[in-house]
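Visitor: quick one: sequence plus predicted model below, questions after.
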Amino acid sequence: MDKPHALLVASPGLGHLIPVLELGNRLSSVLNVHINVLAVTSGSSSQTETEAIRAAAASGACKITELPSVDVNHLVEPDATVATKIFVTMRAMKPAAREAVKSMSRKPTVMIVDFFGTGLMSLADEVGMTGKYVYVPSHAWFLAVMVYLPVLDKVVEGEYVDIKEPMKIPGCKPVGPKELMETMLDRSDRQYRECLQGGEEIPTSDGVLVNTWEELQGNTLAALRQDGKLSRVMKVPVYAIGPIVRTNGSVKKPDSIFQWLDQQPERSVVYVCLGSGGTLSLEQTMELACGLELSGQRFLWVLRRPTSYLGASSGDDDDQVCAGLPDGFLDRTSGVGLVVTQWAPQVEILSHGSIGGFLSHCGWSSVLESLTKGVPIVAWPLYAEQWMNATLLTEEIGVAVRTSELPAKEVIGQEEVAVLVRKIVVEEDEEGRKIRAKAEEVKVSSERAWTQGGSSHSSLFEWAKRCHLVS
């Protein structure tokens, strides 16, 4: 008898592709179902995406079909944001996705799209699948804001950034100017309207899978499910199945990084990595470097070439990247710090015993990779929903410290950088001790969620039974 068959659709960009591939791996390994992934690739980042797809395909867990994205320049304004282009691209991919599904030897039972791909859900009905679901690789608060946005759009006058009081989301933490998603900053911008449409489409699915777990966000999950104002907007079941993250793989570990880490004391190094989609000004790079030096703490800084949100790298070479550092910085910090300008295996680094903190842009995948290793965070949010993530980590979960201002709007001075770094890794700091203890608690709860009978393990099987992937 053939295995049940699930179809996953990934939006372009590594930040969207990798979470969907990891979900596919989890569904395949835990449920023993056949997984086919339609990966919409972006021409600008085809090399990095192809490498990720090749690595995932080598595991044999998923059958991956690449769908080159269509040209949507005639459908969007010349200055359209990346988010707008992704939403529009995914809708425009429907004919290609339909043909790909029709060419499959076995018809998928269910279809899962990420939240940029909600415009493709009608395809599931057209080809006779039994269910269509949305995967939110972010957290429950993000999901709550997304589905409540159509309500806010009707009741809030003017720009959200100008509101005096935080906006109330029933049963959830309110959303203030420092928590707004990037797509909500300008209501006249098309990306806001696209995001609004996505919020309207999510409740038309048969359910939502979200990359969090009950012990981490129980109150917000309850608000989405229980008989209240938010659940009446949500309408469909919500399954917390996280944390789904990349695991320590068989990647080639750069000897220079791990030989250096092996020589450092336990929990003494701050890992600094601000993702592939954000960039820092020259002034901010200088202040961050001076702050790391001023802190007196050990650090591993992955200083990558700036890339777009979709992953296209600039033409700068490694020497040009390092040219943005203060004169003599590399010499003065030699032995105490290590600056890496090439790709570095983040999960393996966070797993190393010498890592005591993570200065992060707070992309949710990076957050989960840190939390599952018990590593506390210095929150440095830059774009997308990262401002929300920083607030969640500091005010609700208690595993992070954050900058006094949003780094996307203000330059964070070296003195503040030094204070934040010391707070996370210096053993004598009382606040830091509490944060480190909480990070360890969260690590334990994340492991428990995926044990047999754990909350996420049970939630996944509840979903799988509902959509007839398991009996």
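Guide: Yes, it's here.
Visitor: thought residue 370 was touching residue 358?
Guide: Yes: Residue 370 is in contact with residue 358 according to C-beta atoms under 8 Å; the separation is 4.7 Å. C-beta here means a position set from N, CA and C on the backbone, and glycine is covered the same way.
Visitor: shared neighbours, those two?
Guide: By C-beta atoms under 8 Å, 6 or more residues apart in numbering, residue 370 and residue 358 have these common neighbours: 350, 376-377.
Visitor: from those residues, which land in strands?
Guide: With DSSP state E as the criterion, strands contain residue 377 from among the shared contacts of residue 370 and residue 358.
Visitor: got the shared contacts of residue 370 and residue 358 as TSV, with distance to residue 448 and neighbour count columns?
Guide: Written out in TSV, the entries for those read as follows (distance: C-beta to C-beta, whole Å; neighbours: other C-beta atoms under 10 Å):
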residue	distance to residue 448	neighbour count
350	19	22
376	19	28
377	21	27
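Visitor: now pLDDT and distance to residue 124 too, for the shared contacts of residue 370 and residue 358, in TSV please.
Guide: As requested, the shared contacts of residue 370 and residue 358 are exported to TSV (pLDDT from 0 to 100; distance: C-beta to C-beta, whole Å):
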residue	pLDDT	distance to residue 124
350	97	36
376	98	41
377	98	37
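Visitor: which of the shared contacts of residue 370 and residue 358 sits closest to residue 431?
Guide: Nearest to residue 431 among those, counting by C-beta to C-beta, is residue 376 at 10.5 Å.
Visitor: contacts only, for that closest one.
Guide: By C-beta under 8 Å, 6+ apart, residue 376 lies in contact with 356-358, 370, 399-400, 424, 432, 435-436, 438-439.
Visitor: between all of these, which two are at the greatest distance?
Guide: Checking the contacts of residue 376 against each other with C-beta to C-beta, the farthest-apart pair comes out as 370 and 432, at 15.2 Å.
Visitor: mind checking which of these two has more residues around it?
Guide: Neighbour totals were compared for residue 370 and residue 432, and residue 370 leads with 28 against 20 (other C-beta atoms under 10 Å).
Visitor: give the next helix or strand downstream of the lowest-mean-pLDDT helix or strand in the chain.
Guide: Across the helices and strands of the chain, the lowest-confidence element by mean pLDDT, DSSP states H and E is helix 318-322, at a mean of 65. Once helix 318-322 ends, the next helix or strand along the chain (criterion: DSSP states H and E) is helix 329-332.
Visitor: neighbouring contacts of that following helix?
Guide: Outside of helix 329-332, the residues that reach it under the criterion C-beta under 8 Å, 6+ apart are 289-290, 293, 322, 339.
Visitor: mind redoing it with 6 Å?
Guide: Around helix 329-332, the neighbours that count as contacts under C-beta atoms under 6 Å, 6 or more residues apart in numbering are residue 289.
Visitor: buried ones in that helix?
Guide: Buried residues in helix 329-332, defined by neighbour count with 16 or more other C-beta atoms under 10 Å: residue 329.
Visitor: again with stretch 368-386
Guide: Residues 368-386 are the ones in stretch 368-386 that count as buried (16+ other C-beta under 10 Å).
Visitor: what about it, how long is it end to end?
Guide: 13 Å (C-alpha to C-alpha, to the nearest Å).
Visitor: top of the contacts of residue 376 by neighbour count?
Guide: Of all the contacts of residue 376, residue 357 has the most neighbours under the rule other C-beta under 10 Å, reaching 31 neighbours.
Visitor: and that one, what is it in contact with?
Guide: Residues near residue 357 by C-beta under 6 Å, 6+ apart: 270, 376, 424-425.
Visitor: and those, which is closest to residue 184?
Guide: Closest to residue 184, out of all of the contacts of residue 357 and judged by C-beta to C-beta, is residue 376, at 28.3 Å.
Visitor: what about the helix or strand hosting residue 390, distance to the chain center?
Guide: The secondary structure element spanning residue 390 is helix 386-391 (assigned by DSSP H and E). Mean-position distance between helix 386-391 and its chain equals 11 Å (C-alpha atoms, centre = their mean, to the nearest Å).
Visitor: so which residues of the stretch 351-471 of the chain form helices?
Guide: Taking DSSP state H, counting those that start in this stretch to define them, one finds helices in the stretch 351-471 of the chain at 364-371, 386-391, 414-425, 430-449, 455-466.
Visitor: distance between the fourth one and the chain's centre?
Guide: Distance of helix 430-449 from its chain centroid, counting by C-alpha atoms, centre = their mean, is 20 Å.
Visitor: what does it rub up against?
Guide: Helix 430-449 is touched from outside by 213, 215, 243, 371-372, 374, 376, 398-399, 423-424, 454-456, with contacts defined as C-beta under 6 Å, 6+ apart.
Visitor: let me know the closest of those residues to residue 300.
Guide: Sorting these by distance to residue 300 puts residue 424 at the head of the list, at 13.8 Å, by C-beta to C-beta.
Visitor: could I get the buried residue list for stretch 231-243?
Guide: Those buried within stretch 231-243 under the rule 16+ other C-beta under 10 Å are 231, 233-234, 236-243.
Visitor: what mean pLDDT does it get?
Guide: This predicted structure assigns stretch 231-243 an average pLDDT of 96.
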